[in-house]
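**Student:** Mind folding the following:
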Amino acid sequence: MAGHSKWNNIQGRKNAQDAKRGKIFQKISREIYMAVKKGGPDPDTNPSLRMVMDKAKSNNMPNDNIDRAIKKGSSTTENENYDEVTYEGYGPQGTAVLVHALSDNLNRTGTNVRVAFNKNGGSLGEKGSVSYMFDRKGYIAIAREGLDVDEDTMLMSVLEAGGEEMETSDEVFEVYTDPSDLPEVRDALEKEGYTLAQAEVTMIPQTTVELSEDKRVILEQMIDKLEEDDDVSEVFHNATL
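**Tutor:** Numbering: from 1, shown residues only. Next up, the predicted model:
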């Protein structure tokens, strides 16, 4: 992960995300619904649900919204069904882009994603065209503000918890794990008293692309258009924004 800071991209997108808070809650509710349908309503026995609930809380989603989504997923009268699909393609300057979606109409979703690519300097690729450029990892961010812990101490805590790697900046400790180990590492760090700013399974680019200013603007427009789509859950890319 050396040289890559997911946190920078998270913070760089924060204001744009804040402006679409209601839509984000709607998408997370859909993820909670599907997690409950697949694994039940108890986060202690359903790791997927626990991860989505963590995501909801990191986005300041109200508990009432979370509870409603869980109840909806638990209801025997609800029969909504969504397919998980990943689109792969290229943004401006050859940027690799992955789009994860939950869709109840793949034709609609596929068309919308293709239009977002084509109208913003990109193009959809075949399955496998860019996914090999990313690693699926567990990711934990611990903000350093107000935390009286040096890098060596934090690294020891991370390794003892089962983490694989840690990156340090002035603002944050970024911890990377095997995806299957994320719940255990997260729980161990929380048990030590650390407050986690982010905990999720994500896609980390193996290398990053530095874009020119005009290409960066175009890529951000593409990401905005994709994230506006109700079916799109997450967008990953290998550009430094």
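**Student:** Show me which strand runs longest in this structure.
**Tutor:** In the chain, assigned by DSSP state E, the strand with the most residues is strand 134-143.
**Student:** Name the residues that touch it?
**Tutor:** Residues from elsewhere that reach strand 134-143 (CB atoms under 8 Å, 6 or more residues apart in numbering): 1, 6-7, 10, 96, 98, 154, 163, 171-182, 185-186, 189, 194-206, 236, 238. In this view, the C-beta of every residue, glycine as well, is placed from N, C-alpha and C.
**Student:** what's the answer for stretch 199-209, then?
**Tutor:** The contact list for stretch 199-209 (CB under 8 Å, 6+ apart) reads 1, 3-4, 6, 51, 54-55, 58, 93-96, 98, 133-141, 176, 179, 182, 186, 234, 236-240.
**Student:** Give me the neighbour count for the residue nearest to Asp104 when sequence neighbours are not counted.
**Tutor:** Counting by CB to CB, 6 or more residues apart in numbering, Tyr82 is the residue found nearest to Asp104 once chain neighbours are left out, at 5.3 Å. Per other CB atoms under 10 Å, the neighbour tally for Tyr82 reads 19.
**Student:** Got the phi and psi for Tyr82?
**Tutor:** When read as degrees, to the nearest 10, the backbone of Tyr82 gives phi -130, psi 140.
**Student:** who touches it in this structure?
**Tutor:** Arg30, Met34, Leu102, Ser103, Asp104.
**Student:** okay, which residue of the protein is out on the far edge from center?
**Tutor:** Distance from the centre of the chain peaks at Thr77, with 30.0 Å (CA atoms, centre = their mean).
**Student:** and Gly125, what does it touch?
**Tutor:** By CB under 8 Å, 6+ apart, the contact list for Gly125 reads Glu88, Gly89, Tyr90.
**Student:** Adjacent strands (with direction) for the helix or strand hosting the second one?
**Tutor:** Secondary structure assigned from DSSP states H and E places Gly89 in strand 83-90. Using DSSP bridges, the strands paired with strand 83-90 in its sheet are strand 96-103 (antiparallel), strand 123-124 (antiparallel).
**Student:** As CSV, these with mean pLDDT would be great.
**Tutor:** Listed next are these as CSV, based on pLDDT from 0 to 100:
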stretch, mean pLDDT
strand 96-103, 96
strand 123-124, 96
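**Student:** Can you find the helix or strand of the chain with the lowest average pLDDT?
**Tutor:** Least confident helix or strand, the chain: helix 14-18 with a mean of 56, by mean pLDDT, DSSP states H and E.
**Student:** after it comes which helix or strand?
**Tutor:** Trace forward from helix 14-18 with DSSP H and E and the next one is helix 21-39.
**Student:** Okay, buried residues for that next one please.
**Tutor:** If you call a residue buried by 16 or more other CB atoms under 10 Å, then helix 21-39 has these buried ones: 24-25, 27-37, 39.
**Student:** Over to stretch 187-201?
**Tutor:** By neighbour count on 16+ other CB under 10 Å, the buried set for stretch 187-201 is Ala188, Leu189, Tyr194, Leu196, Ala197, Gln198, Ala199, Glu200, Val201.
**Student:** cool, and stretch 96-115?
**Tutor:** Applying 16+ other CB under 10 Å to stretch 96-115 flags Ala96, Val97, Leu98, Val99, Ala101, Leu102, Ser103, Thr109, Gly110, Asn112, Val113 as buried.
**Student:** So which of those is the closest to Met222?
**Tutor:** Using CB to CB, Val97 comes nearest to Met222 of these, at 7.4 Å.
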